[in-house]
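Asker: Predicted model and sequence below, questions to follow.
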Amino acid sequence: MKYFNSFFVAFVALAILSFYGCKGKPSAQEPTDSSDSVSVSTESPADEASEKTASVFPVAYVDVDSLLLEYDFAKKLNEVLLKREEKSRKELANAQVKLQKDYEAFQKKYQAGGFLTEATLQSEQANLYKQDQDLQLLEKKLTKELMDEQLKMNIQLRDTVAAFFKIYNADKRFKLILSNANSDNVLFADEALNITHDVIEQLNLRYAAQQKTK
């Protein structure tokens, strides 16, 4: 029951987040318009390039793997899911151990000739069969419950991040924010467009403030 590796799969569906701007500035990048290269400015070269990047090519991206590892709310959800998974695993293991012991007891009794009638033997066999069926049903039930919980958390995280970007993006600096979660869809991404660190920092500050009000 390895669900940790598939956690936040629904969140990765946010691979392309379209907004009208975001607060953080990207790092310096070469201007694409040759006319800009001869302009005179009192800003530092990095700030000037950053402003030109935002105005000429208003796109940024977020490293989702880093976000999921460093965003405190995502870490909390992950811990909750792992505890739920461990509880389910123990419940299933206990049922498996009980069935194994009952089967071994049945074998010993059968080999020792402990069943005096055919009806008693068939009754014990039917009981073992029912336990096996119940075990399979239990595994399906626990799996479904865990998947439902995972989906619920995915939606919760997705909605939280989407709501955050509406605030983070209020000054309309960028027209598009991408996720690099699916490397097959992103052949190249300039590090100058990476706003992951600032996004994580702002998300954690917002989450910490929300926790204080509880």
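Answerer: Structure's in. What do you need? Bear in mind that the values here come from a model prediction, so they are computed numbers and not experimental data.
Asker: Which elements pack onto the strand or helix carrying residue 133?
Answerer: With elements taken from DSSP states H and E, the one containing residue 133 is helix 118-168. For helix 118-168, the packing partners by 3 or more CB pairs under 8 Å, 6 or more residues apart in numbering; DSSP states H and E come out as helix 72-111, helix 196-212. (Each C-beta comes from the backbone N, C-alpha and C, glycine too.)
Asker: could I get the ones you listed as CSV with distance to residue 132?
Answerer: Shown next, in CSV, are the helices and strands packed on helix 118-168 (distance: least, CB to CB, whole Å):
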stretch, distance to residue 132
helix 72-111, 6
helix 196-212, 46
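Asker: Adding mean neighbour count and mean pLDDT as columns, could you present these in CSV?
Answerer: Formatted as CSV, the helices and strands packed on helix 118-168 follow (neighbours: other CB atoms under 10 Å; pLDDT from 0 to 100):
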stretch, mean neighbour count, mean pLDDT
helix 72-111, 14, 96
helix 196-212, 15, 94
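Asker: Which one, of those helices, ends up nearest to residue 176?
Answerer: Evaluated over these, closeness to residue 176 peaks at helix 196-212, with 14.5 Å, by CB to CB.
Asker: Give me the contact list for that closest one.
Answerer: Applying CB atoms under 8 Å, 6 or more residues apart in numbering, the contact partners of helix 196-212 are 23-24, 61-63, 66-67, 70-73, 161, 164, 168.
Asker: same thing but at 6 Å, please
Answerer: Applying CB atoms under 6 Å, 6 or more residues apart in numbering, the contact partners of helix 196-212 are 24, 62, 63, 66, 67, 70, 71, 72, 73, 164, 168.
Asker: so how far is the helix holding residue 133 from its chain's centroid?
Answerer: Put simply, helix 118-168 sits 18 Å off its chain's centre (CA atoms, centre = their mean, to the nearest Å).
Asker: start at 44 instead
Answerer: Sure, I'll start numbering at 44, so the last one becomes helix 161-211.
Asker: Give the other helices and strands that the next helix or strand along the chain from that helix contacts.
Answerer: Sequence-wise, the next helix or strand downstream of helix 161-211 (DSSP H and E) is strand 219-222. If you count contacts as 3 or more CB pairs under 6 Å, 6 or more residues apart in numbering; DSSP states H and E, strand 219-222 packs onto strand 102-105.
Asker: Now find how far off-centre the helix or strand following the strand it packs on is within its chain.
Answerer: Downstream of strand 102-105, the next assigned helix or strand under DSSP H and E is helix 107-113. Put simply, helix 107-113 sits 9 Å off its chain's centre (CA atoms, centre = their mean).
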